[in-house]
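*Asks:* Give me a 3D structure for the following:
(one chain, ligands or ions: 2)
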Amino acid sequence: MADPQRSRRSCLAVPGSSPKMIDKARGLGSDQFFLDLEDAVAPLAKAQARENVVAALNEGGWGDRIRTVRINDPESQWAYRDVVDVVEGAGRSLDTVMLPKVTGPEQVSWLDLTITQIERALGLAAGSIGIEAQIEDAKGLTSVDSIAAASGRLRALVFGPADFMASINMPSLVVGEQPPGYDVGDAYHHVLMRLLTAARANGLQAIDGPYLQIKDIEGLRRVAGRSAALGLDGKWVLHPDQVEPVNEVFSPRQRDYERAENILDAYAWYTSEAGGRRGAAMLGDEMIDEASRKMALVVAAKGRAAGL
Ligand code: GLV
Ligand code: MG
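*Replies:* Ligands and ions are numbered 1, 2, ... in the order given. As a prediction, the model looks like this:
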């Protein structure tokens, strides 16, 4: 399956420094996981974490989930060694590299070229390793269109709410929740919509970041539900209890999925020769046309991917 079509409803964050958590992650039902070398790993643990991550990918046991490693900030002293060690050591067992704190397209180009060099040196299939770019500050957001167009390896744009809130001085301590006192709408609407449109303009997926109140599953459903309603493809999860609710929120409801399939069937019939080659038609009380077909395709594709 082409990567941009692969399901990314839930993406499990796993600290690369913890073999125990890496092991536990194998049994969880997220569509994607990422082994983290960045903010979940202390500076002195970075080198050991690289070794853990390479070993875990090569050992396998990840099913058909998307296998991702988040390297360090491209401006940090760790980033180049992260790419070299992980792609050289486990390039055949890796689907994407996640680049955090992206501020401009040149950083994505750097990663693309570095991966290309390693692929050639190792004889890996050209272009098989994708890139996911995290948008986490004002610079990243204002350059998001050029970032999204920077490489054919890009698969997804990923929002980083914690770093983003800090970078713009949003006075909140609860990641993913509305800042206290903001009661006129959703403080993230603009950011998520901006990221989503830049992603779609370039055929990429758009992923929401974490919700840190692990015990508040209702809060998680509410926040994830907003992103799913806008059209984002998935969200990070930090704990086993978050996986199922997030998978559910980013799958269409059964009755919406069935309705979408009915619209596609009806439209196919009306536009066929036997159906009179009509451009618009009725399905129950609703008029359907080419635009309805496109909307139905979106829901049907998500439903099929979720196995409905
Ligand atoms: C994730 O990286 C975040 O900053 O929220
Ligand atoms: Mg971050």
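*Asks:* Which helix or which strand is home to Leu157?
*Replies:* strand 154-159 (DSSP states H and E).
*Asks:* partners of that strand in the sheet?
*Replies:* Strand 154-159 has the following strand partners under DSSP bridges: strand 130-135 (parallel), strand 205-208 (parallel).
*Asks:* out of these, which comes closest to ligand 1?
*Replies:* strand 130-135 (5.9 Å; Cβ to the nearest ligand atom). The C-beta positions use only the backbone N, C-alpha and C, and glycine is treated the same way.
*Asks:* can you redo the strands paired with strand 154-159 as TSV with mean neighbour count?
*Replies:* Output for these, formatted as TSV (neighbours: other Cβ atoms under 10 Å):
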stretch	mean neighbour count
strand 130-135	26
strand 205-208	26
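*Asks:* Indicate which one of these is closest to ligand 2.
*Replies:* Comparison of the strands paired with strand 154-159 against ligand 2 by Cβ to the ion identifies strand 130-135 as nearest, at 6.3 Å.
*Asks:* which residue packs closest to the residue nearest the centre of the chain, ignoring adjacent ones?
*Replies:* Taking Cα atoms, centre = their mean as the criterion, Ile207 is the residue nearest the geometric centre of the chain, at 3.6 Å. Using Cβ to Cβ, 6 or more residues apart in numbering and skipping residues adjacent in sequence, the residue nearest Ile207 is Val158, 4.5 Å away.
*Asks:* so what's the one you found bridging to?
*Replies:* Gln134, Ile207.
*Asks:* Distance of it relative to Trp236?
*Replies:* Separation of Val158 from Trp236 (Cβ to Cβ, to the nearest Å): 8 Å.
*Asks:* Mutual contacts of those two, please.
*Replies:* Contact criterion Cβ atoms under 8 Å, 6 or more residues apart in numbering; residues shared by Val158 and Trp236: 11, 207, 209.
*Asks:* Excluding sequence neighbours, find me the nearest residue to the first one.
*Replies:* Computed as Cβ to Cβ, 6+ apart, the closest residue to Cys11 that is not its neighbour in sequence is Gln32, at 4.2 Å.
*Asks:* pretty sure that neighbour is touching Leu12, no?
*Replies:* Yes - the pair Gln32 / Leu12 is scored as a contact, 7.1 Å apart, by Cβ atoms under 8 Å.
*Asks:* neighbour count winner among Val158 and Trp236?
*Replies:* Taking other Cβ atoms under 10 Å, Val158 and Trp236 do not tie; Val158 has more neighbours (29 against 24).
*Asks:* Surely that one is in contact with Glu132?
*Replies:* Yes - Val158 is in contact with Glu132 according to Cβ under 8 Å; the separation is 5.5 Å.
*Asks:* shared neighbours, those two?
*Replies:* 98, 207.
*Asks:* contacting residues around the residue nearest to the centre of the chain?
*Replies:* Per Cβ under 8 Å, 6+ apart, neighbours of Ile207: 8, 11, 132, 156-159, 232-236.
*Asks:* This completes my enquiry, with thanks.
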